[in-house]
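K.L.:
following is a predicted model, sequence given first.
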Amino acid sequence: ARPGPGQIFEGWSEGEVSKETVLGFIMKANLAIRANFCPNPFDPVKGAYNGLFSDPTNGVTLETAGSFNINVTKSGLVIGKIVLGKAYPFIGRFNASGYADISVKCGRGKAPLALTLQLDLQNGSDEVVGTVSGEGWSSTLRGDLAKAKPEFLSSRYTMAISGNTNAAIAPGGSGFGTVH
């Protein structure tokens, strides 16, 4: 099934039910199959999103916290990567409600990560929320649509990092860095 301009494919209904665009079936007497389409909700939310995820119970740990980047196309395709010590790329698709359920491959012999994403299609918040889950853990994910940066902010900045005085919480010492 191919949608017309300004529409997206939602799925097949009646005699056969599927979300796949190509449907194989065996013809029977009185079989009716309906292709369902809806207005495209992705044009206002397309773009690059960046965010973080961490375990809401145990906080930020190396095993359960990281970052993600996704690009959402006007057709609802999502291409991105999860960074959890290492970058794991993935491709998926949002349904017409802005929900995606994606299995992220982590390499030979490793269990895949389960990724759920939900775009805000109703309120215009420019947010994506969801979860990243592995064997025995689940982290909450949140990100925002990256806005074009104003030219007057394009420059080099020096950043000062204050040290921590409690070595039980974090390493001590102060530092600095340059941001471009």
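P.N.:
All right, it came through fine.
K.L.:
list the contacts of stretch 106-115.
P.N.:
Residues lying outside stretch 106-115 but in contact with it, judged by Cβ atoms under 8 Å, 6 or more residues apart in numbering, are 82, 84, 88, 90, 92, 100-105, 130-135, 141. All C-beta atoms are positioned from the backbone trio N, CA, C, and that covers glycine.
K.L.:
which residue lies farthest from the center of this structure?
P.N.:
Residue farthest from the centre of the chain, counting by Cα atoms, centre = their mean, is Ala29 at 42.9 Å.
K.L.:
and the gap between it and Gly15?
P.N.:
When distances are taken as Cβ to Cβ, to the nearest Å, Ala29 and Gly15 turn out to be 11 Å apart.
K.L.:
same question, Leu62
P.N.:
When Cβ to Cβ is applied, the distance between Leu62 and Gly15 equals 51 Å.
K.L.:
how about low-confidence regions in the protein?
P.N.:
For the chain, the stretches with pLDDT under 70 are 148-154, 170-171, 180.
K.L.:
swap in 50 and give it another go.
P.N.:
In the prediction, the chain carries no residues with pLDDT under 50.
K.L.:
that one: strands as residue ranges?
P.N.:
Ranges of strands in the chain, per DSSP state E, are 7-14, 33-39, 47-54, 66-72, 77-83, 87-93, 99-104, 113-119, 127-134, 137-145, 157-161, 175-179.
K.L.:
list the contacts for the nearest residue to Pro56 once chain neighbours are set aside?
P.N.:
With sequence-adjacent residues excluded and distances taken as Cβ to Cβ, 6 or more residues apart in numbering, Pro56 is closest to Thr140, at 5.0 Å. By Cβ under 8 Å, 6+ apart, the residues touching Thr140 are 53-56, 129-131.
K.L.:
most neighbours among those, which one is it?
P.N.:
Compared across those, Phe53 has the highest neighbour count, 26 neighbours, by other Cβ atoms under 10 Å.
K.L.:
how much space between that residue and Gly6?
P.N.:
33 Å.
K.L.:
and the residue nearest to the spatial centre of the chain, what are its bridge partners?
P.N.:
With the centre of the chain defined as its mean C-alpha position, the nearest residue by Cα atoms, centre = their mean is Leu117, 4.9 Å away. With beta bridges defined as DSSP bridges, Leu117 has these partners: Ala100, Gly130.
K.L.:
was I right about it contacting Val78?
P.N.:
Yes: the pair Leu117 and Val78 passes the contact test of Cβ atoms under 8 Å, sitting 6.7 Å apart.
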